[in-house]
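Undergrad: my questions are about this predicted structure, shown below with the sequence.
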Amino acid sequence: MGFLKEFRDFAVKGNVVDLAVAVVIGGAFGKIVTSLVEDIITRLY
């Protein structure tokens, strides 16, 4: 429950810039992981 409380406190602050940066970093990280799995791990097997 601590995570939900921290997220609620973060959202209430209205720090939109931090949220936007987190979304961009999360999207980039997701693409890196997808590329790693598709290009490297899948070709090994």
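TA: Cool, the structure landed. Numbers count the residues shown, from 1 in each chain.
Undergrad: helices or strands up against the lengthiest helix in the chain?
TA: The longest helix of the chain (DSSP state H) is helix 16-35. Helix 16-35 sits against helix 2-13, with contacts defined as 3 or more Cβ pairs under 8 Å, 6 or more residues apart in numbering; DSSP states H and E. Glycine gets a C-beta too; all of them are placed from N, C-alpha and C.
Undergrad: now residue 44: how far from residue 31?
TA: 20 Å (Cβ to Cβ, to the nearest Å).
Undergrad: neighbour-wise, which of those two wins?
TA: residue 31 (10 against 5; other Cβ atoms under 10 Å).
Undergrad: against residue 10, how distant is the more buried one?
TA: From residue 31 to residue 10 the distance is 24 Å (Cβ to Cβ).
Undergrad: quick test: name the residue nearest the centre of the chain.
TA: residue 26 (2.6 Å; Cα atoms, centre = their mean).
Undergrad: residue contacts, that one?
TA: By Cβ atoms under 8 Å, 6 or more residues apart in numbering, the contact set of residue 26 is empty.
Undergrad: give me the neighbour count for residue 10.
TA: 13.
Undergrad: my error: substitute residue 36 in the last question.
TA: Neighbours of residue 36 (other Cβ under 10 Å): 11.
Undergrad: for residue 16, same thing?
TA: 9.
Undergrad: quick one: it from residue 36, how far?
TA: 30 Å.
Undergrad: ramachandran coordinates for residue 43?
TA: phi -70, psi -20 (degrees, to the nearest 10).
Undergrad: enumerate every residue touching it.
TA: Per Cβ under 8 Å, 6+ apart, neighbours of residue 43: none.
Undergrad: when you give positions from now on, start the count at 205
TA: In the new numbering, first residue 205, that becomes residue 247.
Undergrad: quick one: low-confidence parts of the chain?
TA: Low-confidence segments of the chain (pLDDT under 70): 205, 218, 249.
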